[in-house]
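Engineer: no FASTA, just this:
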């Protein structure tokens, strides 16, 4: 039986790096963000619906993510409308992924808002990627177009790191060296990969 590990973590914690480490260990990884980018990219299946709901937020390259974020971040109802379009499409892709990898001992679902959007019930175990707040802040503010105000708005929509850590089965530290993080990933793979039949 496949063990489904939910991988999550707040913005700037290094989750994408950790997801790649799982993939490097041969574990199939479902990247929810990557799926959203594809669905909202050129010819993406969600582009027309998003344009209809949020006129002026798409172009030949698909969804203009910055324009869309500006439209929905400060407006809860708009964000809810967007999620009503995106979440069902991502769920379909996730089901297809799990079906395709039904024989794997371990799979990873990389889901940024795992706790916030009640995804925890869909996984067997949860790993939270975490770094000290000052490291997180430095990473996020180094991103193009990021401002302290935008960072604060994003954090306000996310469960605090301390609470995520409390709910996690595993905590993967990313504030130190890459090798320390990789060893943490390998310990989880060794434990869960061997536990798949239990």
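Structural biologist: It's in. Everything quoted here is computed from the prediction, not taken from an experiment.

Engineer: Which neighbouring elements make contact with the worst-scoring helix or strand of the chain on mean pLDDT?
Structural biologist: Ranked by mean pLDDT, DSSP states H and E, the helix or strand of the chain with the weakest confidence is helix 65-72, at a mean of 88. Where contact means 3 or more Cβ pairs under 8 Å, 6 or more residues apart in numbering; DSSP states H and E, helix 65-72 is packed against helix 76-100. Every C-beta, even on glycine, is put in place using the N, C-alpha and C of the backbone.

Engineer: before we move on, what SS does the residue most central in space within the chain have?
Structural biologist: For the chain, residue 112 is the residue whose C-alpha lies nearest the centre (Cα atoms, centre = their mean; 2.7 Å). Residue 112 carries the three-state label coil when classified by DSSP: H, G, I helix; E, B strand; the rest coil.

Engineer: Do I have it right that it meets residue 35?
Structural biologist: No. Counting by Cβ atoms under 8 Å, residue 112 does not reach residue 35; the two are 11.6 Å apart.

Engineer: The residue nearest to the centre of the chain and residue 189: what is the separation?
Structural biologist: Remark: distance between residue 112 and residue 189 (Cβ to Cβ, to the nearest Å) = 21 Å.
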